[in-house]
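Trainee: One predicted model, sequence on top.
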Amino acid sequence: MRLEGKVALISGAAAGLRRELMGFGGASAWMFLREGARVMLGDINEELGERSASQMRDEGYDARFVRLDVTQEQDWIDAVKATVDAFGKLDVLVNNAGTGAQQNVEDTTVEIWDGQMNVHAKGAFLGMKHAIPEMRRAGGGSIVNISSINGLVGSPTSTAYHAAKAAVRLLTKNAAMQYAGESIRVNSVHPGYAWTPLTEKNFSIKEHLDERVARVPMGRICDADEIANGILYLASDESSFVTGSELVIDGGMTAQ
Ligand SMILES: NC(=O)c1ccc[n+]([C@@H]2O[C@H](COP(=O)([O-])OP(=O)(O)OC[C@H]3O[C@@H](n4cnc5c(N)ncnc54)[C@H](O)[C@@H]3O)[C@@H](O)[C@H]2O)c1
(Lines give C-alpha, C1' and ligand atoms only; values in the text may rest on other atoms or scores of the structure.)
Protein backbone atom coordinates (compact mmCIF):
# COMPACT_ATOMS: atom_id res chain seq x y z
CA MET A 1 0.00 0.00 0.00
CA ARG A 2 2.59 2.52 -1.13
CA LEU A 3 -0.05 5.15 -2.00
CA GLU A 4 -2.55 4.46 0.73
CA GLY A 5 -5.01 7.35 1.14
CA LYS A 6 -3.61 9.31 -1.82
CA VAL A 7 -5.64 10.86 -4.63
CA ALA A 8 -4.08 11.04 -8.11
CA LEU A 9 -4.96 12.71 -11.40
CA ILE A 10 -3.22 11.19 -14.44
CA SER A 11 -3.43 12.82 -17.88
CA GLY A 12 -3.30 10.75 -21.06
CA ALA A 13 -4.46 7.69 -19.13
CA ALA A 14 -7.16 6.35 -21.45
CA ALA A 15 -5.21 3.25 -22.59
CA GLY A 16 -5.70 1.15 -19.47
CA LEU A 17 -7.69 -1.85 -20.62
CA ARG A 18 -6.66 -5.19 -19.16
CA ARG A 19 -5.28 -7.69 -21.70
CA GLU A 20 -4.74 -4.88 -24.22
CA LEU A 21 -1.67 -2.76 -24.86
CA MET A 22 -1.48 -0.10 -22.15
CA GLY A 23 0.19 3.28 -22.15
CA PHE A 24 2.20 4.66 -19.24
CA GLY A 25 -0.89 6.48 -17.92
CA GLY A 26 -3.13 3.40 -17.93
CA ALA A 27 -0.42 1.17 -16.45
CA SER A 28 0.30 3.77 -13.74
CA ALA A 29 -3.40 4.00 -12.91
CA TRP A 30 -3.61 0.24 -12.22
CA MET A 31 -0.42 0.35 -10.17
CA PHE A 32 -1.60 3.36 -8.15
CA LEU A 33 -4.97 1.68 -7.47
CA ARG A 34 -3.32 -1.55 -6.35
CA GLU A 35 -1.17 0.52 -3.97
CA GLY A 36 -4.21 2.09 -2.30
CA ALA A 37 -4.79 5.32 -4.27
CA ARG A 38 -8.01 6.66 -5.74
CA VAL A 39 -7.42 7.73 -9.33
CA MET A 40 -8.94 10.15 -11.85
CA LEU A 41 -8.03 9.29 -15.44
CA GLY A 42 -7.98 12.26 -17.83
CA ASP A 43 -7.76 12.07 -21.63
CA ILE A 44 -9.27 13.35 -24.89
CA ASN A 45 -10.17 9.74 -25.77
CA GLU A 46 -13.43 9.59 -23.83
CA GLU A 47 -14.64 6.23 -25.07
CA LEU A 48 -11.46 4.36 -24.15
CA GLY A 49 -10.99 6.30 -20.91
CA GLU A 50 -14.52 5.55 -19.72
CA ARG A 51 -14.08 1.85 -20.54
CA SER A 52 -10.75 1.69 -18.68
CA ALA A 53 -12.15 3.40 -15.58
CA SER A 54 -15.20 1.15 -15.66
CA GLN A 55 -12.99 -1.96 -15.83
CA MET A 56 -10.99 -0.67 -12.85
CA ARG A 57 -14.21 -0.16 -10.87
CA ASP A 58 -15.32 -3.68 -11.82
CA GLU A 59 -12.14 -4.91 -10.11
CA GLY A 60 -13.22 -3.06 -6.95
CA TYR A 61 -11.04 0.03 -7.33
CA ASP A 62 -12.05 3.69 -7.01
CA ALA A 63 -11.32 5.06 -10.49
CA ARG A 64 -13.14 7.69 -12.52
CA PHE A 65 -12.67 9.31 -15.91
CA VAL A 66 -12.83 12.98 -16.86
CA ARG A 67 -12.53 14.41 -20.37
CA LEU A 68 -9.34 16.49 -20.33
CA ASP A 69 -7.63 18.19 -23.26
CA VAL A 70 -4.37 19.23 -21.61
CA THR A 71 -3.92 22.15 -24.02
CA GLN A 72 -7.10 23.82 -22.71
CA GLU A 73 -6.91 25.74 -19.44
CA GLN A 74 -10.64 25.42 -18.68
CA ASP A 75 -10.37 21.62 -19.05
CA TRP A 76 -7.67 21.59 -16.37
CA ILE A 77 -9.76 23.75 -14.04
CA ASP A 78 -12.68 21.36 -14.55
CA ALA A 79 -10.56 18.19 -14.17
CA VAL A 80 -8.97 19.32 -10.92
CA LYS A 81 -12.41 20.29 -9.59
CA ALA A 82 -13.88 16.94 -10.69
CA THR A 83 -11.07 15.14 -8.84
CA VAL A 84 -11.54 17.09 -5.63
CA ASP A 85 -15.34 16.80 -5.85
CA ALA A 86 -15.05 13.02 -6.30
CA PHE A 87 -12.27 12.22 -3.84
CA GLY A 88 -12.01 15.25 -1.52
CA LYS A 89 -8.42 16.32 -2.32
CA LEU A 90 -5.49 16.00 -4.73
CA ASP A 91 -2.06 14.60 -3.77
CA VAL A 92 -0.50 13.41 -7.02
CA LEU A 93 -0.50 14.77 -10.59
CA VAL A 94 1.04 12.83 -13.47
CA ASN A 95 1.45 14.96 -16.60
CA ASN A 96 1.62 12.14 -19.12
CA ALA A 97 -0.54 13.09 -22.15
CA GLY A 98 1.40 13.34 -25.37
CA THR A 99 1.64 12.82 -29.11
CA GLY A 100 4.54 12.25 -31.46
CA ALA A 101 5.88 14.27 -34.41
CA GLN A 102 8.82 12.81 -36.30
CA GLN A 103 9.67 15.62 -38.73
CA ASN A 104 13.15 17.13 -38.99
CA VAL A 105 13.74 20.90 -38.79
CA GLU A 106 12.82 21.71 -42.39
CA ASP A 107 9.73 19.51 -42.47
CA THR A 108 8.35 20.82 -39.17
CA THR A 109 5.50 23.23 -39.89
CA VAL A 110 4.50 25.94 -37.45
CA GLU A 111 1.34 23.91 -36.76
CA ILE A 112 3.39 20.82 -35.84
CA TRP A 113 5.70 22.94 -33.67
CA ASP A 114 2.81 24.60 -31.85
CA GLY A 115 0.99 21.28 -31.43
CA GLN A 116 3.99 19.65 -29.75
CA MET A 117 4.73 22.62 -27.50
CA ASN A 118 1.05 22.81 -26.58
CA VAL A 119 0.48 19.17 -25.65
CA HIS A 120 3.77 18.65 -23.79
CA ALA A 121 5.02 21.98 -22.42
CA LYS A 122 1.81 23.97 -22.09
CA GLY A 123 -0.07 20.85 -20.95
CA ALA A 124 2.36 20.21 -18.08
CA PHE A 125 2.45 23.91 -17.17
CA LEU A 126 -1.34 24.20 -17.00
CA GLY A 127 -1.64 20.96 -15.05
CA MET A 128 0.82 22.18 -12.42
CA LYS A 129 -0.75 25.64 -12.30
CA HIS A 130 -4.16 24.28 -11.38
CA ALA A 131 -3.12 21.29 -9.27
CA ILE A 132 -0.70 23.16 -6.98
CA PRO A 133 -3.35 25.15 -5.05
CA GLU A 134 -5.11 21.88 -4.19
CA MET A 135 -1.83 20.23 -3.18
CA ARG A 136 -1.11 23.20 -0.92
CA ARG A 137 -4.52 22.67 0.70
CA ALA A 138 -3.65 18.97 1.13
CA GLY A 139 -0.38 19.90 2.89
CA GLY A 140 1.91 18.82 0.03
CA GLY A 141 2.00 16.71 -3.08
CA SER A 142 3.96 15.07 -5.86
CA ILE A 143 3.97 16.08 -9.52
CA VAL A 144 5.49 13.67 -12.05
CA ASN A 145 6.10 15.12 -15.50
CA ILE A 146 6.65 12.58 -18.27
CA SER A 147 9.43 13.85 -20.53
CA SER A 148 11.54 11.44 -22.63
CA ILE A 149 15.10 10.49 -23.46
CA ASN A 150 14.32 12.88 -26.33
CA GLY A 151 14.25 15.64 -23.72
CA LEU A 152 17.86 14.82 -22.80
CA VAL A 153 19.72 14.00 -26.02
CA GLY A 154 19.30 14.65 -29.73
CA SER A 155 18.28 12.33 -32.58
CA PRO A 156 18.04 12.72 -36.36
CA THR A 157 14.24 13.28 -36.28
CA SER A 158 11.34 14.62 -34.17
CA THR A 159 12.49 18.24 -33.86
CA ALA A 160 9.42 19.69 -32.17
CA TYR A 161 9.02 16.63 -29.90
CA HIS A 162 12.62 17.02 -28.65
CA ALA A 163 12.12 20.74 -28.01
CA ALA A 164 8.84 20.20 -26.17
CA LYS A 165 10.15 17.32 -24.02
CA ALA A 166 13.27 19.34 -23.16
CA ALA A 167 10.98 22.19 -22.07
CA VAL A 168 9.19 19.76 -19.75
CA ARG A 169 12.55 18.86 -18.15
CA LEU A 170 13.45 22.44 -17.17
CA LEU A 171 9.88 23.41 -16.34
CA THR A 172 10.04 20.57 -13.82
CA LYS A 173 13.21 21.84 -12.15
CA ASN A 174 11.89 25.41 -12.09
CA ALA A 175 8.63 24.40 -10.39
CA ALA A 176 10.57 22.14 -8.00
CA MET A 177 12.53 25.18 -6.78
CA GLN A 178 9.39 27.24 -6.30
CA TYR A 179 7.41 24.72 -4.26
CA ALA A 180 10.04 22.71 -2.37
CA GLY A 181 9.34 24.72 0.80
CA GLU A 182 5.69 23.67 0.66
CA SER A 183 6.43 19.93 0.36
CA ILE A 184 5.22 19.89 -3.23
CA ARG A 185 7.79 17.81 -5.09
CA VAL A 186 8.20 17.99 -8.87
CA ASN A 187 10.23 15.45 -10.85
CA SER A 188 10.53 14.32 -14.45
CA VAL A 189 10.63 10.80 -15.89
CA HIS A 190 12.60 10.14 -19.08
CA PRO A 191 11.42 6.90 -20.68
CA GLY A 192 13.36 5.21 -23.42
CA TYR A 193 11.68 3.17 -26.15
CA ALA A 194 8.55 1.39 -24.94
CA TRP A 195 5.70 -0.62 -26.46
CA THR A 196 2.58 1.50 -26.04
CA PRO A 197 -0.37 2.54 -28.22
CA LEU A 198 1.70 5.61 -29.19
CA THR A 199 4.60 3.60 -30.64
CA GLU A 200 2.85 0.35 -31.64
CA LYS A 201 2.42 1.26 -35.31
CA ASN A 202 6.00 2.46 -35.77
CA PHE A 203 7.63 -0.37 -33.78
CA SER A 204 5.57 -2.98 -35.64
CA ILE A 205 7.76 -2.23 -38.65
CA LYS A 206 10.70 -4.58 -38.13
CA GLU A 207 13.39 -2.25 -39.47
CA HIS A 208 12.21 0.57 -37.20
CA LEU A 209 12.19 -1.70 -34.16
CA ASP A 210 15.60 -3.23 -34.97
CA GLU A 211 17.10 0.21 -35.44
CA ARG A 212 15.83 1.31 -31.98
CA VAL A 213 16.87 -1.92 -30.23
CA ALA A 214 20.38 -1.62 -31.68
CA ARG A 215 20.81 1.68 -29.81
CA VAL A 216 19.85 0.22 -26.40
CA PRO A 217 22.65 -1.44 -24.37
CA MET A 218 20.14 -3.84 -22.79
CA GLY A 219 19.16 -4.96 -26.29
CA ARG A 220 15.39 -4.53 -26.02
CA ILE A 221 12.64 -2.00 -25.59
CA CYS A 222 10.47 -1.98 -22.47
CA ASP A 223 6.79 -2.23 -21.58
CA ALA A 224 4.61 0.36 -19.86
CA ASP A 225 4.90 -1.28 -16.43
CA GLU A 226 8.67 -0.70 -16.37
CA ILE A 227 8.02 3.03 -16.71
CA ALA A 228 5.01 3.01 -14.36
CA ASN A 229 7.23 1.53 -11.61
CA GLY A 230 9.34 4.71 -11.73
CA ILE A 231 6.27 6.94 -11.78
CA LEU A 232 4.93 5.09 -8.73
CA TYR A 233 8.18 5.64 -6.82
CA LEU A 234 8.13 9.39 -7.51
CA ALA A 235 4.41 9.64 -6.66
CA SER A 236 4.85 7.86 -3.33
CA ASP A 237 6.38 9.07 -0.07
CA GLU A 238 9.32 6.72 -0.70
CA SER A 239 10.75 9.61 -2.75
CA SER A 240 10.08 12.15 0.03
CA PHE A 241 13.51 13.84 -0.36
CA VAL A 242 13.50 13.75 -4.19
CA THR A 243 12.59 16.91 -6.06
CA GLY A 244 13.82 18.54 -9.27
CA SER A 245 15.34 15.24 -10.32
CA GLU A 246 15.14 13.36 -13.60
CA LEU A 247 14.54 9.62 -13.53
CA VAL A 248 15.91 8.00 -16.69
CA ILE A 249 14.42 4.57 -17.54
CA ASP A 250 15.99 3.65 -20.86
CA GLY A 251 17.95 0.38 -20.69
CA GLY A 252 21.18 2.39 -20.63
CA MET A 253 20.64 4.24 -23.87
CA THR A 254 21.60 7.74 -22.73
CA ALA A 255 24.51 6.47 -20.60
CA GLN A 256 26.58 5.94 -23.75
N1 LIG B 1 6.19 5.01 -25.70
C2 LIG B 1 7.43 5.52 -25.69
O3 LIG B 1 8.37 4.93 -26.24
C4 LIG B 1 7.67 6.85 -25.01
C5 LIG B 1 9.00 7.20 -24.73
C6 LIG B 1 9.25 8.40 -24.07
C7 LIG B 1 8.20 9.21 -23.69
N8 LIG B 1 6.92 8.86 -23.99
C9 LIG B 1 5.85 9.77 -23.52
O10 LIG B 1 5.02 9.07 -22.61
C11 LIG B 1 3.74 9.69 -22.57
C12 LIG B 1 2.67 8.60 -22.66
O13 LIG B 1 2.73 7.99 -23.92
P14 LIG B 1 2.49 6.44 -24.17
O15 LIG B 1 3.64 5.99 -25.00
O16 LIG B 1 2.20 5.78 -22.89
O17 LIG B 1 1.24 6.40 -25.16
P18 LIG B 1 -0.34 6.54 -24.95
O19 LIG B 1 -0.92 6.60 -26.33
O20 LIG B 1 -0.91 5.58 -24.00
O21 LIG B 1 -0.47 7.94 -24.21
C22 LIG B 1 -0.78 9.13 -24.79
C23 LIG B 1 -2.21 9.50 -24.37
O24 LIG B 1 -2.31 10.92 -24.44
C25 LIG B 1 -3.59 11.22 -24.93
N26 LIG B 1 -3.59 12.58 -25.46
C27 LIG B 1 -3.07 13.04 -26.62
N28 LIG B 1 -3.28 14.35 -26.73
C29 LIG B 1 -3.96 14.74 -25.62
C30 LIG B 1 -4.47 15.98 -25.14
N31 LIG B 1 -4.35 17.10 -25.86
N32 LIG B 1 -5.09 16.00 -23.94
C33 LIG B 1 -5.23 14.87 -23.21
N34 LIG B 1 -4.79 13.67 -23.61
C35 LIG B 1 -4.16 13.61 -24.81
C36 LIG B 1 -3.89 10.15 -25.97
O37 LIG B 1 -5.28 10.04 -26.22
C38 LIG B 1 -3.29 8.92 -25.29
O39 LIG B 1 -4.26 8.24 -24.52
C40 LIG B 1 3.71 10.70 -23.71
O41 LIG B 1 3.93 11.99 -23.18
C42 LIG B 1 4.89 10.27 -24.57
O43 LIG B 1 5.44 11.34 -25.31
C44 LIG B 1 6.62 7.69 -24.62
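Mentor: Everything's here; your move. Residues are numbered from 1 along each chain as shown.
Trainee: The residue of the chain found nearest the ligand: what's it in contact with?
Mentor: Nearest to the ligand, among the residues of the chain, is residue 23, at 1.7 Å (Cβ to the nearest ligand atom). (Glycine included, C-beta is placed from N, CA and C.) Listed by Cβ atoms under 8 Å, 6 or more residues apart in numbering, the contact set of residue 23 reads 12-16, 96, 196-198, 224.
Trainee: Can you tell me which of those end up in helices?
Mentor: Counted as lying in helices by DSSP state H, out of the contacts of residue 23, are residue 224.
Trainee: Check which helices and strands the longest strand along the chain is in contact with.
Mentor: In the chain, taking DSSP state E as the definition, the longest strand is strand 184-191. Strand 184-191 is packed against helix 123-138, strand 141-146, helix 159-179, helix 224-235, strand 246-249, with contacts defined by 3 or more Cβ pairs under 8 Å, 6 or more residues apart in numbering; DSSP states H and E.
Trainee: isn't residue 176 right up against residue 186?
Mentor: Yes - using Cβ atoms under 8 Å, residue 176 is in contact with residue 186, at 4.1 Å.
Trainee: Between these two, point out the one with more neighbours.
Mentor: Set residue 176 next to residue 186 and count neighbours by other Cβ atoms under 10 Å: residue 186 wins out with 29 against 20.
Trainee: Get me the contact residues on the stretch 1-150 of the chain for the ligand.
Mentor: For the stretch 1-150 of the chain, the contact set with the ligand under Cβ under 6 Å from any ligand atom comprises 11-12, 14-15, 23-25, 43-45, 68-71, 96-99, 119, 146, 148.
Trainee: and if we set it to 5 Å?
Mentor: Selection of the stretch 1-150 of the chain residues close to the ligand by Cβ under 5 Å from any ligand atom yields 12, 14-15, 23-24, 43-45, 69-71, 96-99, 119, 146, 148.
Trainee: Which among those count as buried?
Mentor: 12, 14-15, 23-24, 43-45, 69-71, 96-98, 119, 146, 148 (16 or more other Cβ atoms under 10 Å).
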